[in-house]
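K.L.:
okay, sequence plus prediction incoming.
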Amino acid sequence: MIMKTEPTAPLPIEEDKAPFVVRPYRKSELARLYFPELRPRCALKKLNRWIERNKKLSEELYAGPEGRNESTFSRRQVKLIVGCFDEP
């Protein structure tokens, strides 16, 4: 038996999505922008792996006054990350 289905309407495009702004971000907040499907802790671990694999980025990221153990990325660090990985 063949069942007929009605055509489905296309999904709406997310036009209301706010543009990405370079500003200081909590590390988990920025990670969730890159990996929205993951929990904050997992997203942060994944972003940290991306950073560690890129030696040049890793060196530049922590060459300034910011420390590795801070809970936020500075505006300078966010610029470096976005420059390397594109906008989330």
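P.N.:
Thanks, I have it.
K.L.:
buried stuff in the helix ranked longest in the chain?
P.N.:
When the chain is parsed with DSSP state H, its longest helix is helix 40-53. Within helix 40-53, the residues scored as buried using 16 or more other Cβ atoms under 10 Å are 43-44, 47, 50-51. C-beta here means a position set from N, CA and C on the backbone, and glycine is covered the same way.
K.L.:
any low-confidence regions in this protein?
P.N.:
Flagging of the chain using pLDDT under 70 yields the residue ranges 1-16.
K.L.:
try it again at 80.
P.N.:
Along the chain, the model assigns pLDDT under 80 to residues 1-17.
K.L.:
can you give me the strands in it?
P.N.:
When assigned using DSSP state E, the strands of the chain occupy the ranges 25-26, 72-73.
K.L.:
now for those strands, which one comes closest to Glu59?
P.N.:
Taking Cβ to Cβ as the criterion, Glu59 comes closest to strand 72-73 out of these, the separation being 15.3 Å.
K.L.:
about what we covered before: can you tell me what sits against the longest helix of the chain?
P.N.:
The set of residues external to helix 40-53 that reach it, using Cβ atoms under 8 Å, 6 or more residues apart in numbering, is 27-28, 30-32, 34-36, 38, 57-58, 61, 81, 85.
K.L.:
still on that earlier bit, pick the most buried one from the strands of the chain.
P.N.:
For the strands of the chain, the stretch with the most neighbours on average is strand 72-73, a mean of 18; neighbours defined as mean count of other Cβ atoms under 10 Å.
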